[in-house]
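Asks: Take this sequence and fold it.
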Amino acid sequence: MTQQLITAFDQTDVLAKPGILRGWQPSLPSFLLAIPKGLIHTPDGAEVDYLTVSCSDCDYPSWNYGKWSNIEIKPFALKHGRYFQICTVDSYETVWTSGTGVEK
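Replies: Just a heads-up that it's a prediction; the model follows:
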């Protein structure tokens with residue numbers, strides 16, 4: 001990743017365009033994107049060094065469920081056919097999250 005790619009991603013309006021991700025089939029329901037050190041900073045100056053990207057899909061109910069040790073995340077109702085969530089914890093330990101629904 002380069003600073004130019006991060007800037008272009010940050011400035012794109014692609015998710016505001018209806019149907020832009022329609023038909024896209026994610027290969028994994030969730031993945032981690034590692035960011036090179038010092039490339040992304042929050043408005044208050046904290047560093048972001050990774051993003052987790054998760055996808056829930058009405059055709060794949062198992063993507064909308066999680067269980068680990070004694071923790072269970074029950075499926076939630078989806079208003080859209082597919083839902084993407086991006087999350088991270090910055091170097092100041094602030095949690096950042098964003099999500100968007102996509103019609104299939």
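Asks: helices or strands up against the helix or strand of the chain with the lowest mean pLDDT?
Replies: Using mean pLDDT, DSSP states H and E, helix 3-11 stands out as the lowest-scoring helix or strand of the chain, at a mean of 77. Helix 3-11 is packed against no helix or strand, with contacts defined by 3 or more Cβ pairs under 8 Å, 6 or more residues apart in numbering; DSSP states H and E. The way it works is simple: take the backbone N, C-alpha and C, and place the C-beta from them, glycine included.
Asks: Now find how far off-centre that helix is within its chain.
Replies: 16 Å (Cα atoms, centre = their mean, to the nearest Å).
Asks: ok, so what distance separates Val95 from Thr88?
Replies: Distance check for Val95 against Thr88: by Cβ to Cβ, to the nearest Å, it reads 8 Å.
Asks: Show me which of these two is the more surrounded one.
Replies: Using other Cβ atoms under 10 Å as the criterion, Val95 and Thr88 rank with Thr88 on top: 20 against 8.
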